[in-house]
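*Asks:* got a structure for you, letters missing:
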């Protein structure tokens, strides 16, 4: 493919699409992109690369005519740009297809897959390889704070990649990760998710079985040792499989876990023998699982224990994963991408350990295709009840979900209240900011959970808290309140 070709990305603000745009731009292609609406961090990321972003979708965005169009998996028939591409036969492809053809051929591909923990584990693995001088390429579905970005094109032989089980494009309904042909895989977990494209848990397991079946006999799979769904997903493996976790039979066994405020420490035993002592600044047992998986795969690729430990000790995090967005008058506001009841439970348990004396708030926008449905409603109620104060916004674009399948937030809140917690429904970000903020007090920790922009709440809530704090001290808070 000529480096002077013009490539246009429809749906460029998705985390993977924006990263692909950056990779193609670095390769010398001319890039343009469009989306319905842009929000940080990916909009800021694209701006930093100087990649033009048009919004909303429009025919004018395809003038001049691009040589190739990459269609994001969120784009469906009826999109004005896609319809024009099909009408005039502009060449098009999916993200996984161009990623494989342009970047993966000739590399040793390490794929991190699973329902939970993909982005953080991929970031850890990339940082370990980078810190060890391996100069890897990587693509992550988020902004890795150690790198300040979501991708890197390095001269090393490894390409480290987050493997998404979501479908590829409107014309290819198979999982993205089936395009990557991995040499090794980390499998973090297998649960029912993406209720819009998978009928049930068995369908999810079959998708992971197909991924596992692609790993060559010379390859390796590092798999979490918990859950029958993981075991069923490994049924078609032809390569060695090593388990990590806390059970006595784990090949990479976690022991002596210490979740202290400000620091996490643990020991790893390799095949029953003491192997390494690790520590980092991240909270949560699930992050220990993620780090142990990355360490195990890195060790199998020849990276020393000392190098792995040094990298983990300096690992920061990923944007929107337990990210502290503001601290106002002793109130800590945290942003987390939690998209599934299991992930929500892990997030809230991590915050309990990190802030043991705090009153814990959770503010949820049911936005993911799974959370907008009632299929996991009971599990969601149990997860949210781990907080002290629970606020649930109305279901994002609820009309797009059939009423019989839609999450009933009133019933959800009633379930939580019956468990002894205080919970309520507030319509949207503005309603939450105006009504809940005055009830927050110094020492509180507020976890905002959404996989989208959530009406600007990440900026509006801190401004409102600043205004309330200024008013309490007798200062002029007019400006702050007006902004909120």
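*Replies:* The structure has been received and is ready for your questions. What you see is a predicted model, and the numbers here were worked out from it, not measured in a lab.
*Asks:* from here on, just use CA atoms for contacts and neighbour counts.
*Replies:* Fine.
*Asks:* pretty sure residue 254 contacts residue 270?
*Replies:* No: counting by C-alpha atoms under 8 Å, residue 254 does not reach residue 270; the two are 9.2 Å apart.
*Asks:* what helix or strand is residue 45 on?
*Replies:* In the assignment (DSSP states H and E), residue 45 maps to helix 42-49.
*Asks:* got the contact list for that helix?
*Replies:* By C-alpha atoms under 8 Å, 6 or more residues apart in numbering, the residues outside helix 42-49 that reach it are 13-15, 18, 22, 52-53, 149.
*Asks:* just among the residues you listed, which is most surrounded?
*Replies:* Counting neighbours by other C-alpha atoms under 10 Å, residue 13 comes out on top of these with 27 neighbours.
*Asks:* contacting residues for it?
*Replies:* Counting by C-alpha under 8 Å, 6+ apart, residue 13 has contacts 34-35, 38-39, 42-43.
*Asks:* give the contact list for residue 190.
*Replies:* Residue 190 neighbours (C-alpha under 8 Å, 6+ apart): 114-116, 204-205, 227, 229-230, 233.
*Asks:* cool, and residue 328?
*Replies:* Neighbours of residue 328 in contact, by C-alpha under 8 Å, 6+ apart: 462, 465-466.
*Asks:* now do the strands in the stretch 151-300 of the chain.
*Replies:* For the stretch 151-300 of the chain, the strands defined by DSSP state E, counting those that start in this stretch cover 158-162, 167-169, 172-175, 184-187, 220-224, 241-245, 252-260, 263-270, 273-280.
*Asks:* residue 91 is nearest to which of the ones you listed?
*Replies:* strand 167-169 (14.5 Å; C-alpha to C-alpha).
*Asks:* what strands line up against the closest one, and which way round?
*Replies:* strand 172-175 (antiparallel) (DSSP bridges).
*Asks:* what sits up against the strand it pairs with?
*Replies:* Residues from elsewhere that reach strand 172-175, judged by C-alpha under 8 Å, 6+ apart: 164-168, 207.
*Asks:* nearest to residue 408, of these?
*Replies:* residue 166 (24.7 Å).
*Asks:* return the helix or strand in this protein with minimum mean pLDDT.
*Replies:* The weakest-scoring helix or strand in the chain, judged by mean pLDDT, DSSP states H and E, is helix 478-483 (a mean of 36).
*Asks:* residues contacting residue 229?
*Replies:* 190-191, 205.
*Asks:* picking that back up, redo the contacts of residue 328 as a markdown table? Include secondary structure, distance to residue 74 and pLDDT.
*Replies:* Shown next, in a markdown table, are these (DSSP: H, G, I helix; E, B strand; the rest coil; distance: C-alpha to C-alpha, whole Å; pLDDT from 0 to 100):
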| residue | secondary structure | distance to residue 74 | pLDDT |
| --- | --- | --- | --- |
| 462 | helix | 31 | 97 |
| 465 | helix | 35 | 96 |
| 466 | helix | 37 | 95 |
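*Asks:* which of those has the most neighbours?
*Replies:* So for the contacts of residue 328 (other C-alpha under 10 Å), the most neighbours sit at residue 465, 25 neighbours.
*Asks:* my read: that one touches residue 437, true?
*Replies:* Yes: using C-alpha under 8 Å, residue 465 makes contact with residue 437 at a distance of 6.4 Å.
*Asks:* which of the contacts of residue 190 fall within helices?
*Replies:* 204-205, 229-230, 233 (DSSP state H).
*Asks:* mind picking the one among those residues that's closest to residue 292?
*Replies:* Of all these, residue 292 sits closest to residue 230, with 16.8 Å by C-alpha to C-alpha.
*Asks:* measure the residue nearest to that closest one when sequence neighbours are not counted to residue 291 for me?
*Replies:* Ranked by C-alpha to C-alpha, 6 or more residues apart in numbering and with sequence neighbours excluded, the top spatial neighbour of residue 230 is residue 190, at 5.5 Å. According to C-alpha to C-alpha, to the nearest Å, residue 190 stands 18 Å off from residue 291.
*Asks:* how about residue 59?
*Replies:* Taking C-alpha to C-alpha, one finds residue 59 at 45 Å from residue 291.
*Asks:* for the two, indicate the residue with more neighbours.
*Replies:* Shown here are residue 59 and residue 291; by other C-alpha under 10 Å, residue 291 has more neighbours (26 against 13).
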